[in-house]
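> structure, please.
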Amino acid sequence: MKRAACAIGASILLSSGSALAVDRDTIAKTYAPVFYQQVRDTTRDLFAAYDFDGNWAGDDNEENTTCVAEPSKCAGSPCAGGACKLIGTVYYTVIETTTHWFVQYMPYHAVDTKVTNGHEHDTESVFAVIAKTGGAGKLLAYETRFHLEWFAYADASVKPAAKTPNGALRLDAKGRPEVYVQQVGHGFCGGYSPPNDLFPDLQLTCNHGEAPRLEGTGVIYRPDLPAAMPAVARGKVVEAGYVLTEMLTSFWSRRTSVGPGNTFKDLIDFNGERCDVLACPKQFGGAFMGDGGTSPSGPWNQEGGAGVSAKGSQFFDPAFTMQKRLTFPAPFSLDYCHNPYLSIPDTCPKDPEEPAATPPESTPEASAVPDRAPVAEPAPAEESEGGSGCATSPGPRGLGSAPMWLVGLALLSGALARRARRSE
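This next block holds a predicted model:
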């Protein structure tokens, strides 16, 4: 009887779809890129956290990066004496429709050291489009930010629209995008950008037909390695890991922190093409606060690119933007079931056959975004007297350690239940 009760309980959970759902954090981890960082300056060319110096003020990051490089010369800095480490950090966020996930990945460099127009803060990024084909889906395209433009790399099923893809997907053995990162100016290229060691400001090309690689000094940042400040050695390539940090609970939660000693320099509005029907955000942080050169913004205030006109379009309204930019295989929904930046709560179906709930009408005033609660780990299985375990909860990340007979019976039960619903 205990075994039967376990099977019935599991079939109910599976038919509801909660155990089959692939959560957004898992999608972000699955497609987190491998970055080939060319290094000229062994400190300023490294990935870092925006708050590597222990604060979210933007106007001291360049000075404190100098302290990381020369810790004996800045006694008054929080980074004096080697107190600060540049741990690889990639900020990400996931927006979702019923047919696709859209994932933004933004590594952070504290300084762009170009001679002609260098500046405090540097935030090129990678943007991925993943079709919901079952499980963790299929990566259809990704874009890389190369200074003032977006390069697109796409699967053969993706065709041109306002933009023609620059090249094919380049993936590692685990299906993750491989991206080359320039030294000094940090442009992101899905191919290879030949270094100009005489005058790096003129490193302006991206050879899309070549695979990303490093020559000379560099760091390969991989998402599945421990995050640590790499020990860079001249003439060698080393590897390091990085931390994935959600933009919602980092930058977006500080979007009104403006002025000296704060995160942002000014407030801006998003004025996208669909703002007549969407609750587009107003008065949020634009350029980062800085006192060295003209500080850039994150992708929420960068040029929208081909097919759209408004800054931030790819970030706030990615389905519309990418549908204008490229032609994707059907189905391709423009309706979000999760987009907290447009005040659209999570109504995404957890089962591939479950229709999306109708989200409540959102208003521009409803712009507060709560921190997302951490995902709980599956509860341990409780052993019955006969020794066959029955997990008290399958957990949101999958079936965990449930016995195989239970998994099979539950899947069969769920399938029969869905067939019964369709025949009603």
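
> quick one: the strands in the stretch 251-400 of the chain?
For the stretch 251-400 of the chain, the strands defined by DSSP state E, counting those that start in this stretch cover 267-268, 284-285, 326-327, 336-338, 381-383, 389-391.

> what residues does the first one touch?
Residues outside strand 267-268 that contact it (Cβ atoms under 8 Å, 6 or more residues apart in numbering): 256, 258, 283, 284, 285, 286, 301. C-beta: built from backbone N, CA, C; applies to glycine.

> would you agree residue 124 falls within a helix?
No - counting by DSSP: H, G, I helix; E, B strand; the rest coil, one finds residue 124 to be coil, located in no helix.

> report how many residues lie close to it.
24 (other Cβ atoms under 10 Å).

> tell me the contacts of it?
For residue 124, the contact set (Cβ under 8 Å, 6+ apart) comprises 106, 107, 144, 145, 146, 147, 181, 186, 187, 188.

> just the strands in the stretch 51-200 of the chain please.
89-97, 100-107, 109-112, 119-122, 126-131, 138-146, 149-154, 159-160, 167-168, 178-181, 188-189.

> what strands line up against the first one, and which way round?
Same thing as strand 89-97. Paired neighbours of strand 89-97 in the sheet (DSSP bridges): strand 100-107 (antiparallel), strand 243-246 (parallel), strand 336-338 (antiparallel).

> looking at those, which is buried most?
With neighbours defined as mean count of other Cβ atoms under 10 Å, the strands paired with strand 89-97 peak in mean count at strand 100-107, which reaches a mean of 24.

> export it as PDB, just CAs?
C-alpha atoms of strand 100-107 as PDB (Å, rounded to 0.1, in the frame of the first residue of the first chain):
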ATOM      1  CA  HIS A 100      11.100  30.700 -25.900                       C
ATOM      2  CA  TRP A 101      13.600  31.800 -23.200                       C
ATOM      3  CA  PHE A 102      15.700  34.900 -23.700                       C
ATOM      4  CA  VAL A 103      18.800  35.100 -21.500                       C
ATOM      5  CA  GLN A 104      21.100  38.100 -21.100                       C
ATOM      6  CA  TYR A 105      24.700  37.600 -19.900                       C
ATOM      7  CA  MET A 106      26.700  40.700 -18.900                       C
ATOM      8  CA  PRO A 107      30.200  40.300 -17.600                       C
END
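
> that one vs strand 126-131, what angle?
Between strand 100-107 and strand 126-131, the angle comes out at 160 degrees (axes from the mean of the first three to the mean of the last three Cα atoms, to 10 degrees).

> could you chop this protein up by domain?
Domain assignment for the chain by automatic domain parsing gives 2-21+379-423, 24-299.
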